[in-house]
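K.L.:
3D, please:
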Amino acid sequence: MKIFIYNPYWSSFGGGEKYVTVFGESLSQKGNEVTFLHQEENFSKKNLESYYNCDLTNIETQFVQDLSSLKNLSRKGDVLFALTNFRAVSSEAKATVYILQAPYGKINSASVFEKLLKGKAKESAKDFFRLKLLKRSKNISRVVVYSQFVHDALLHHHGAESFVLAPPIDDFFVEGIKKEKIVLSVGRIFAGLYNQKRYDITTKVFQELFRKEMRDWEYHIVGSIANDKATQTMLQRLQKENSGFPIYFHLNEPYAKLKEWYNRASIFWHAAGFEVDEEKFPERAEHFGMSTLEAMSAYAVPIVANKGGQKEIVQNGVNGFLWEKISDLKKQTLEVVTNKSLRKEISLNARKRFSDFDREHFSNRVEELMKEIL
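P.N.:
From the prediction side, this is the model:
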C-alpha cells in the first residue's frame, strides 16, 4: 500500500513530529510503501532517525512546493495522512486522514468577527482557517486525535468524530541512577494562552513548601524556550521571583540530560490547565500528557492537575495523584514526601501504567486504525 505522510512542521522536532515519525516507522515495518512529504529545503530523514530513535530505512521523502502540488501528488497514493493545526489539506488519495492535535472549543463566524473587531487579526485569521479545517474534517475518511479529551471536545463543539491514537511513549528509565529529593516539571516555556504550563503557580507552591516541610528538596524545571520578547520577559520574572530558593531552570536540555532528570526526580509536577474552564477553552488544557508518562516510565510519582488528557493517564491514589486546588497539590506532595512506602507503591504503579502507552501498543493501535480506514 502506498502511503503519504505530510507534516508542515518537521524541523520543529516536537511531540507532533515524533508522533508522525513513529507512525511512519510502524506502517513501514508492516510492509507499506511510506513517503514523508515536506516543504523544507533542509529536511533531514537522518536527523529524524537520530532524534526519535527510529528506523526509517525503507521510508522515502519528497519535497512538495505547496498544497496544490501535494494535492496533485496525492492521486498516486492509497492514503494521505496530514498533520495539521489550522489549515485544511486537499487530497485526491483513495483515503484521507487528518491528525488533529488540538481540542478546539467553540469557533463560529461570530467569534471570528469578534476577534477581528478587538484587533486580534492573527487569531481571527487562524480561527477562520480552523473553521474550514473542521468543516472539511467531517467529509474525509478519518480524523485521528491524541486523546479521548480531544475526541470529546471536537465531537461536542464541532460534531467531528475521531479515532483515538495515544502517542507512543519511550522508556526513560536508566538502571543505576538513584532517586533524589527532587521535584521535576518538564514542558515548553512560553508566554501565551494555549496550554500554559503554569510555572508561576508551581514555583510559588514550592517556595511555600520549602520554607517549612521540604527544606532539603529542590525543584527543577526542564524545557525548551521560545525566543519571543514576551517569553523571555516571563522567564526573567520567574528567575527573579525564585532567586534564593533551590528552584532551577534548565533550558533546551539535550535528550540524554532530560533522561537523567527523569531518573533523578522522585516527584513530577504538571499544572497545565489549572484554573481553565475546559468546557469553554479545552485548547488551554493539556491535550494528552506525554511528559507525565515519560516521568512515570522512570518511576517518578506524578502529581498533576485534574484537567485535559492527564485524567486519562493518572488514576488518583493508584499510580499518581490528580489535584483541583492548590491546597490539594500541597497535601498530596507532602503525603508522598513523608510516606516512603506510599511513594514506592505509587512509583511502581506509575511504571506499570506507562507500559500501556509504549511503542508496541502504539503499533498495534495503528493496525486497528488501518483496518477502519480500508
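
K.L.:
Can you tell me which helices and strands the helix or strand containing residue 292 packs against?
P.N.:
Using DSSP states H and E, residue 292 sits within helix 290-297. In terms of contacts (3 or more CB pairs under 8 Å, 6 or more residues apart in numbering; DSSP states H and E), helix 290-297 is packed against strand 182-186, helix 255-264, strand 267-270, strand 301-305, helix 310-313, helix 340-354. For every residue, glycine as well, the C-beta is placed using N, CA and C.

K.L.:
quick one: that helix to chain centroid distance?
P.N.:
Centroid separation between helix 290-297 and its chain, computed with CA atoms, centre = their mean, to the nearest Å, is 11 Å.

K.L.:
contacting residues around that helix?
P.N.:
Outside helix 290-297, the residues that touch it by CB atoms under 8 Å, 6 or more residues apart in numbering are 15, 167, 169-173, 184, 186-187, 262, 265, 268, 270, 302, 304, 310, 313-314, 319-320, 350-351, 353-354, 357.

K.L.:
if you set the cut-off to 7 Å instead, what comes out?
P.N.:
15, 167, 169, 171-173, 184, 186-187, 262, 265, 268, 270, 302, 304, 310, 313, 350-351, 353-354, 357 (CB atoms under 7 Å, 6 or more residues apart in numbering).

K.L.:
Is it possible to mark the buried ones in those residues?
P.N.:
167, 169, 172-173, 184, 186-187, 262, 265, 268, 270, 302, 304, 310, 313, 350-351, 353-354, 357 (16 or more other CB atoms under 10 Å).

K.L.:
Let me know how buried residue 57 is, in neighbour terms.
P.N.:
Neighbour count for residue 57, taken as other CB atoms under 10 Å: 9.

K.L.:
brain fart, residue 65
P.N.:
By other CB under 10 Å, neighbour count at residue 65 equals 8.

K.L.:
do residue 54 as well
P.N.:
Residue 54: 20 neighbours (other CB under 10 Å).

K.L.:
Could you do residue 1 as well?
P.N.:
Count around residue 1 with other CB under 10 Å applied: 15.

K.L.:
For residue 278, grab phi and psi.
P.N.:
Main-chain torsions, residue 278, degrees, to the nearest 10: phi -60, psi -30.

K.L.:
Just list the residues touching the closest residue to it other than its chain neighbours, thanks.
P.N.:
In space, and not counting its chain neighbours, residue 278 is closest to residue 285: 5.4 Å by CB to CB, 6 or more residues apart in numbering. For residue 285, the contact set (CB under 7 Å, 6+ apart) comprises 272, 273, 276, 278, 307, 308.

K.L.:
8 Å - rerun?
P.N.:
By CB under 8 Å, 6+ apart, the neighbours of residue 285 are 103, 149, 195, 272, 273, 276, 278, 307, 308, 309.

K.L.:
Could you check which helix or strand contains residue 37?
P.N.:
Going by DSSP H and E, residue 37 is part of strand 33-38.

K.L.:
List the buried residues of that strand.
P.N.:
34, 35, 36, 37, 38.

K.L.:
In contact with the first one, which residues are there?
P.N.:
With contact taken as CB under 8 Å, 6+ apart, residue 34 is in contact with 3, 5, 24, 27, 28, 58, 59, 60.

K.L.:
How about the third one?
P.N.:
Residues touching residue 36, when contacts are defined by CB under 8 Å, 6+ apart, comprise 5, 7, 10, 24, 45, 56, 59, 60, 61, 62.

K.L.:
of these, closest to residue 346?
P.N.:
residue 24 (35.4 Å; CB to CB).
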